[in-house]
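[1] build me a model:
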Amino acid sequence: MNAIDITHLRKKYGEVLAVEDLTLEVPAGSFFGFLGPNGSGKSTTIGCLTGLLDPTAGEVRLLGEPFHGEPALKRRIGVMPENLGLFDTLYANEFLAFQARIYGLDEATARARVTELLAALELTAEGGRPLVEFSAGMRKRVAFAAAMIHRPEILFLDEPFESIDPAGVALMKQWLHQFIKDGRTVFMTSHVLETVERVCDRVAIIKSPGQLVWQGDITPLASNEPIVHNGKSFHALDELFLEVAGERYAHTLAWL
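    Numbering: from 1, shown residues only. So this is what the prediction gives:
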């Protein structure tokens, strides 16, 4: 079964077309990378997949069911948005407890998971300050914990590792791989292609306006086997990305 099915998705903001006719399947149990240049429609697509935005046209199915923002399906997904979505006046434990109860966890389970997550992510020492006073990296850790506290079946992550220190990134990756071993699905966007190549097993690449230009299995790269596309061999994800997304920068600065 697919965790996510997108069929002819289209999203317009007034006269601006952000996503045009996107069709994509994401198998359950995959660590899926969703890539594209700035402004290509990645965050808009995630908004449509998580109920934050209403598609202009097309269909989204999550876990085999049509999705139109229904609360029952929302409780089965976790979302770490680009803007993090934190309530800055709350303390970390208050925000995580609020998230846990929103997702239907009972009070005892919520309390236990909040305590465990704060300790594991080394956020306990920050407990005496509201979220607005947290560093960028600490805020990112709180948003990550909030997205997974209810053990969702699909986890949507928008640039999850940005501003996180190496130890925090290593722990998050460990948890995410444990997450998908149980058949759950991670759908991640990132501009750090080396990280995507190391952690993801499948990738889709789009370009503006949200048009799919390549999708496939990238696990051969881990065994130094190339990915072949249009008769060309690519030994790294960044090479493939630059080719299919049309991102080439060749301007030189004489004064350098």
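[2] so where's the stretch 151-256 of the chain shaky on pLDDT?
    247-250 (pLDDT under 70).
[3] quick one, strands of it?
    In the stretch 151-256 of the chain, the strands defined using DSSP state E, counting those that start in this stretch lie at 154-158, 185-189, 202-207, 211-217, 227-229, 232-234.
[4] make CSV out of those strands and add mean neighbour count.
    (Glycine included, C-beta is placed from N, CA and C.) Listed next are the strands of the stretch 151-256 of the chain as CSV, based on neighbours: other CB atoms under 10 Å:
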stretch, mean neighbour count
strand 154-158, 23
strand 185-189, 24
strand 202-207, 22
strand 211-217, 16
strand 227-229, 16
strand 232-234, 13
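[5] as CSV, these with distance to Phe34 would be great.
    Formatted as CSV, the strands of the stretch 151-256 of the chain follow (distance: least, CB to CB, whole Å):
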stretch, distance to Phe34
strand 154-158, 9
strand 185-189, 5
strand 202-207, 6
strand 211-217, 10
strand 227-229, 17
strand 232-234, 18
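[6] out of those strands, the one nearest Ala167 is which?
    strand 154-158 (18.4 Å; CB to CB).
[7] now do that closest one: everything it contacts.
    3-4, 42-43, 46, 49-50, 62-63, 76-82, 144, 147-148, 176, 179, 184-189 (CB atoms under 8 Å, 6 or more residues apart in numbering).
[8] tell me the angle it makes with strand 185-189.
    10 degrees (axes from the mean of the first three to the mean of the last three CA atoms, to 10 degrees).
[9] in its sheet, what does strand 154-158 sit against?
    strand 77-80 (parallel), strand 185-189 (parallel) (DSSP bridges).
[10] among the ones you listed, which is nearest Val19?
    Using CB to CB, the nearest of the strands paired with strand 154-158 to Val19 is strand 185-189, at 13.5 Å.
[11] how about residues contacting that closest one?
    With CB under 8 Å, 6+ apart, strand 185-189 has contacts from 3-4, 26-36, 42-43, 46, 49, 153-160, 176, 179-180, 196, 199-200.
[12] for it, list the C-alpha coordinates in PDB.
    Output of strand 185-189 as PDB, limited to C-alpha atoms (Å, rounded to 0.1, in the frame of the first residue of the first chain):
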ATOM      1  CA  THR A 185       6.700   6.700   6.400                       C
ATOM      2  CA  VAL A 186       8.900   9.800   6.400                       C
ATOM      3  CA  PHE A 187       8.300  12.500   3.800                       C
ATOM      4  CA  MET A 188      11.200  15.000   3.900                       C
ATOM      5  CA  THR A 189      12.200  18.100   2.100                       C
END
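[13] chain center to that strand: distance?
    In terms of CA atoms, centre = their mean, to the nearest Å, the centre of strand 185-189 is found 4 Å from the chain centre.
[14] now do stretch 86-96
    With CA atoms, centre = their mean, you get 21 Å for stretch 86-96.
[15] list the buried residues in it.
    Under the neighbour-count criterion of 16 or more other CB atoms under 10 Å, stretch 86-96 has 86, 90-93, 95-96 buried.
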